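Chemist: Quick one: sequence plus predicted model below, questions after.
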Amino acid sequence: MFFRVLGPIEIEDEGELLPLAGAKQRALLAALLIRANDVVSRDVLIEDLWGERASAGSVHSLEVQVSRLRKILHRRDDQVLLTRPTGYRLCVGVDELDLSCFEHLLQDGRDALSAGDAETASEALTEGLALWRGRPYEDVAYESFAQIEIERLEARRLIALEERIEADLTLGQAAELVAELEVLIQQHPRRERLRGQLMLALYRSGRQAEALNAYQNARRELMGELGIEPGPALRELEQAILRQDPELVVAPNAPAAILPGERAADVQARLSERRRVLLMAFAVVGLAAAAAGTAVALLSGSETELSGVPPNSVGVVDPHSDRIVAEIPVGHGPTDLASGGGVWVANLDSGTFSRIDPHTRKVTSVTNAGGTPTGLAAGHGSVWISNGFLGRVLRVDERSARVTATIPIDGHPGAIAVDGNAVWVANTIADTVARVDPDSLQATTIRVGSGPSGVAAGDGSVWVANGLERTLTQIDSVTGTVVRPRIALRCAPTGVAFGVGSIWITCTTAGEVTRIDPLTGQGTATIRVGKGPTGIAILDDRVWVADTFGRKLSEIDPAREAVVHTVETGNSPEGLAADRGELWAAVQGA
């Protein structure tokens, strides 16, 4: 007997479709299949089938429906639909449900893709997608009990499509994929991975200008609908296309295959090594830039006022004079900064992180991040770096700059905050925050709002800015429990900081900073700060904001709740950090 739910519900027995009579019978079968092999209580089934219309007679009506369904299912086997003291259990083998077959093929495809065998991956994923005949549980698509499962399955199908496209891109089928991707993007306009795949397919098809235009289209739609910039993956890809990165064309020309006698794990190690070598090349470039800029850094140490900060550099601001007193070249695309045993910089486009000696203002090390660094924080004698695309956080010794541990984090880890209790990692895709114990390195997951874009810790709480739903979540730092799940905000938050007795949130699209009272959760002030505020930091009871689009830094006096000074950077500042009474700003190109 074989059950199908990836489309209209069907039961096949030895090549024959078994008849299902009526909406209630299909709804009962769907409710049992969603919880296949589990005992489903009578109360749950009555709620699913009748909801608010349930009555005293619903128990008898359920028994009638179960009896009718059992007659269909037990034509050759009386061990399919079982009665238990508290309810009913539908027994379904792993090879008796199209959904189970799809999940196995999806996993096979992803494993093959990870091992570098794109051809096997494409075959498995194509076979799995062929099991879909329409919308899952199509017969009960409007039943409330099926909604969550239908949405989950549609998300799984989209993942399979993206993975199959990834495999086909690796096999050199870029030109053939463009039309399919354009249709999928119309159906899923917020899916950034599809946008990136379209950009890559266009680029590999010799359509570089269209690839860059695809990025601009994605940016316009995300800014217009959600008020957010494209994520680091798209931004990194755009920069790679602009510089015509040779790595973009590696996949179609040389798809990795399993060599004779080689295990899948060996293939993955070989691929990782190739990626490591490429990233080390970027690191060498970063070191060369740092060496070339040594004279500049030394001259800057004389506290001579500078007119701005070059791209791909870190600027140092004296808060007393509001002057830029140093500029230090780092890697490509610096974003986050952190202070701990030095000043640390995450170089997004280079895939590296740099350590700067705050005394000499020189780069003392450039380290391969093993992937794109999407978040950075310091504490507990370590620096913590998230690799969003690899689903992990690195622990780095603040003295040696060596990676000492790798912590897996499900999803796409991004912004990080550290306090005396834990390391807190925002997961932008899974809508969660991971609480990492700094000693055991064990991670627990806490559900927050949609699209957490920033996280800050202070005064016994952790504050998470949820960019997609415009809310703030408060978590008790000691217990890890959510105190207030959704504090409403007036705009989409990007950065968040705690200090001077308040929570401070940047809203890039609105050009403002919101001040929130941590006791009441209410906004107490809205401060205009320029065209596009992103990074935010507290220094000497003043709030500093990076105005990325306005190419300047803004100093806010909390007492006056107004901008009192600005510092022109000449290029786009991103992350900010305070160290030894100075403000440090990561600056990208204009």
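Modeler: In hand now; what should we look at?
Chemist: Sketch out the helices for this protein, chain order is fine.
Modeler: 23-34, 42-50, 58-73, 98-114, 118-129, 147-170, 174-187, 192-204, 208-226, 232-242, 250-253, 264-292, 294-300 (DSSP state H).
Chemist: other SSEs contacting the fourth one?
Modeler: The reference is to helix 98-114. strand 2-4, helix 118-129, helix 147-170, helix 264-292 (3 or more C-beta pairs under 8 Å, 6 or more residues apart in numbering; DSSP states H and E). Just so you know, the C-beta spots here come from the backbone N, C-alpha and C atoms, and that holds for glycine as well.
Chemist: can you tell me how far residue 111 sits from residue 121?
Modeler: Residue 111 sits 8 Å away from residue 121, going by C-beta to C-beta, to the nearest Å.
Chemist: neighbour count winner among those two?
Modeler: residue 121 (25 against 15; other C-beta atoms under 10 Å).
Chemist: give me every residue that touches residue 466.
Modeler: For residue 466, the contacting residues are 431, 448, 449, 450, 451, 452, 453, 472, 473, 486, 493, by C-beta atoms under 8 Å, 6 or more residues apart in numbering.
Chemist: wait, isn't the fifth one in contact with residue 470?
Modeler: So the one you mean is residue 451. No. Taking contacts as C-beta atoms under 8 Å, residue 451 lies outside contact range of residue 470: 9.5 Å.
Chemist: tell me the contacts of the residue lying closest to residue 128 once chain neighbours are set aside?
Modeler: Excluding the flanking residues, the one nearest residue 128 by C-beta to C-beta, 6 or more residues apart in numbering is residue 105, at 3.3 Å. The neighbourhood of residue 105, defined by C-beta under 8 Å, 6+ apart, consists of 124, 125, 127, 128, 131.
Chemist: Count the neighbours of the fourth one for me.
Modeler: Close neighbours of residue 128, defined as other C-beta under 10 Å, add up to 25.
Chemist: For it, give me its contacts.
Modeler: Residue 128 touches 101, 102, 104, 105, 106, 109, 160, counting by C-beta under 8 Å, 6+ apart.
Chemist: again, 6 Å this time
Modeler: The contact partners of residue 128, by C-beta atoms under 6 Å, 6 or more residues apart in numbering, come to 102, 105, 106, 160.
Chemist: and stretch 491-509, which residues are buried?
Modeler: 491-500, 502-509 (16 or more other C-beta atoms under 10 Å).
Chemist: Show me what it is in contact with.
Modeler: Contacts for stretch 491-509 (C-beta under 6 Å, 6+ apart): 227-228, 453-454, 456, 458, 463, 465, 467, 470, 510, 513-516, 518, 532-536, 538, 541, 543, 558.
Chemist: For residue 351, give me phi and psi.
Modeler: Backbone torsions for residue 351, taken as degrees, to the nearest 10, come to phi 70, psi 30.
Chemist: count of residues packed around the residue lying closest to residue 308 once chain neighbours are set aside?
Modeler: Excluding its sequence neighbours, the residue lying closest to residue 308 (C-beta to C-beta, 6+ apart) is residue 570, at 2.7 Å. Residues lying near residue 570 (other C-beta under 10 Å) number 17.
Chemist: Just the buried positions in stretch 397-406, please.
Modeler: Neighbour-count burial for stretch 397-406, counted by 16+ other C-beta under 10 Å, picks out 398, 401, 403.
Chemist: first vs last residue of it, how far apart are they?
Modeler: Start-to-end span of stretch 397-406 (C-alpha to C-alpha, to the nearest Å) is 12 Å.
Chemist: got a list of contacts for it?
Modeler: Against stretch 397-406 from outside (C-beta under 6 Å, 6+ apart): 340, 341, 355, 365, 367, 382, 383, 392, 394, 395, 396, 441.
Chemist: between the residues you listed, which has the most around it?
Modeler: Ranked by neighbour count (other C-beta under 10 Å), the contacts of stretch 397-406 have residue 383 at the top, with 29 neighbours.
Chemist: Which pLDDT does the model give the closest residue to it other than its chain neighbours?
Modeler: Leaving aside its chain neighbours, residue 383 sits nearest to residue 396 (4.2 Å; criterion: C-beta to C-beta, 6+ apart). Looking at residue 396, its pLDDT stands at 94.
Chemist: Ok, residue 217 next?
Modeler: Residue 217 is assigned a pLDDT of 92 by the prediction.
Chemist: ditto for residue 297
Modeler: Model confidence at residue 297, given as pLDDT, is 37.
Chemist: Also the one 3 residues further on?
Modeler: Residue 300 is assigned a predicted lDDT (pLDDT) of 38.
Chemist: do the same with residue 73
Modeler: At residue 73, pLDDT is 87.
Chemist: Equivalent analysis for residue 305, please.
Modeler: Residue 305 is given a pLDDT of 65.
Chemist: Just give me the closest of the contacts of residue 105 to residue 247.
Modeler: residue 125 (23.6 Å; C-beta to C-beta).
Chemist: for the closest one, what are its contacts?
Modeler: By C-beta under 6 Å, 6+ apart, residue 125 lies in contact with 109, 160, 163, 164.
Chemist: repeat for residue 588
Modeler: Residue 588 sits in contact with 311, 333, 572, 574, where contact means C-beta under 6 Å, 6+ apart.
Chemist: Find the centremost residue of the protein, please.
Modeler: Among the residues of the chain, the one closest to the centroid is residue 412, at 3.2 Å (C-alpha atoms, centre = their mean).
Chemist: how close does it sit to residue 218?
Modeler: Distance, residue 412 to residue 218, using C-beta to C-beta: 17 Å.
Chemist: same deal with residue 97?
Modeler: 37 Å.
Chemist: Residue 228 too?
Modeler: In terms of C-beta to C-beta, residue 228 sits 11 Å off from residue 218.
Chemist: Name the residues that touch stretch 525-537?
Modeler: With C-beta under 6 Å, 6+ apart as the test, stretch 525-537 has contacts from 494-495, 497, 504, 506, 508, 511-515, 544-550, 554, 556, 561, 563, 574-578.
Chemist: Give me the subset of those residues lying in strands.
Modeler: Using DSSP state E, the subset of the contacts of stretch 525-537 located in strands is 497, 504, 506, 512-515, 544-547, 554, 556, 563, 574-578.
Chemist: ok so, going back, quick check on the contacts of residue 125: which are buried?
Modeler: Looks like the contacts of residue 125 have 109, 160, 163, 164 buried, using 16+ other C-beta under 10 Å.
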